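1. Sequence first, then the predicted structure:
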Amino acid sequence: MIRRAFLACLLVLALPAQAQSVKLKAHEIDALLSGNTAVGKWDGTAYRQFFGADGTTIYTQEGARSTRGQWRIDAAKDEYQSIWPRDSDWDGWFVMEWDGTFYWVSKKTPPTPFKLLEGEQLVSP
């Protein structure tokens with residue numbers, strides 16, 4: 001009986017630790033990003049990226065000039081896409097959520113965590 005109780009306790013304690021990652025759908029990505037700012041580290045450098053409701057995006061990194069590009073959502077692929085002044089094609093990323101943290105995910109880069117701030121917050125306080 002004690003063994004069963006112990007195993008039941010272990011099972012209950014293990015359940016919350018098995019959080020599942022969720023790939024956001026197109027409409028969820030749009031609602032998440034539109035009018036807001038993503039904050040994180042890209043290749044070890046802190047960045048901020050604002051996603052305007054008009055499809056304009058502004059990317060800033062410490063020690064560099066900001067860059068203005070375009071962003072969109074591909075509903076067929078459920079992915080965020082962006083294009084920058086020197087790019088010839090749109091690049092796409094899935095947006096995943098795991099245990100309250102959002103991640104950019106693509107075939108080219110490892111999952112990269114980011115936080116979301118409400119509104120345009122390109123300058124850190």
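-> Yes, it's here. Since this is a predicted model, take the numbers as computed values, not measurements.
2. partners of the helix or strand hosting Thr57, with directions?
-> Taking DSSP states H and E as the criterion, Thr57 maps to strand 56-61. The strands beside strand 56-61 in its sheet (DSSP bridges) come out as strand 45-51 (antiparallel), strand 67-74 (antiparallel).
3. How about residues contacting the last one?
-> If you take CB atoms under 8 Å, 6 or more residues apart in numbering as the criterion, strand 67-74 is touched by 26, 29-30, 33, 51, 55-60, 79-85, 87, 90, 92. (C-beta placed from N, C-alpha, C; glycine too.)
4. before we move on, what about the first one?
-> Outside of strand 45-51, the residues within contact range by CB under 8 Å, 6+ apart are 33-41, 57-63, 71, 120-124.
5. Quick one: closest of the strands paired with strand 56-61 to Thr112.
-> strand 45-51 (10.1 Å; CB to CB).
6. So, low pLDDT: which residues of the protein?
-> 1-19, 125 (pLDDT under 70).
7. now the helices for it?
-> 2-14, 26-33 (DSSP state H).
8. returning to that earlier point: buried residues in the strand holding Thr57?
-> Buried residues in strand 56-61, counted by 16 or more other CB atoms under 10 Å: Thr57, Ile58, Tyr59, Thr60, Gln61.
9. any idea of the angle it forms with helix 26-33?
-> If you take axes from the mean of the first three to the mean of the last three CA atoms, to 10 degrees, strand 56-61 sits at 60 degrees to helix 26-33.
10. Would you agree Pro111 is in contact with Glu97?
-> No. Under the criterion of CB atoms under 8 Å, Pro111 is not in contact with Glu97, lying 11.1 Å apart.
11. Report the set of residues contacting both of those two.
-> Tyr103.
12. Noted, bye for now.
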